[in-house]
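Peer 1: sequence? don't have it. structure:
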């Protein structure tokens, strides 16, 4: 897995649902309008642009999913 070359790039290697390594990458990149934005990408897929306002929702949804996993007994 190679980096995307984003400013402040951070990569966490996780596993996809088939058990293969998948990079979760975030950092600063440019959007289609050449504006500097926060990008979030999984594997080789296209990045999502995360806004400052929208970031709270992304984090809340991820936290809720993790709590759902724990509640279901599927936590490892």
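Peer 2: Looks like it arrived, so ask away. Keep in mind that this is a model prediction, so the values were computed, not measured.
Peer 1: Would you mark the buried spots in stretch 43-55?
Peer 2: Buried residues in stretch 43-55, counted by 16 or more other C-beta atoms under 10 Å: 47, 50. Quick note: C-beta positions are derived from backbone N, CA and C, even for glycine.
Peer 1: And the contacts of that stretch?
Peer 2: Under the criterion C-beta atoms under 8 Å, 6 or more residues apart in numbering, residues 4, 16, 22-23, 25-26, 29, 31, 37-41, 58 lie in contact with stretch 43-55.
Peer 1: again, 10 Å this time
Peer 2: Stretch 43-55 is touched from outside by 1-2, 4, 6, 14, 16, 20-27, 29-32, 35, 37-42, 57-59, with contacts defined as C-beta atoms under 10 Å, 6 or more residues apart in numbering.
Peer 1: Report the buried residues of stretch 3-11.
Peer 2: Result for stretch 3-11 [16+ other C-beta under 10 Å]: buried residues residue 6.
Peer 1: Average pLDDT for it, rounded please.
Peer 2: What stretch 3-11 shows for mean pLDDT is 94.
Peer 1: before we move on, back to that, now which of the contacts of stretch 43-55 would you call buried?
Peer 2: Buried among those by 16+ other C-beta under 10 Å: 6, 22-23, 25-27, 29, 37-39, 41.
Peer 1: farthest-separated two in those residues?
Peer 2: Greatest spatial distance in the buried ones among the contacts of stretch 43-55: 22 and 37, 21.9 Å, computed using C-beta to C-beta.
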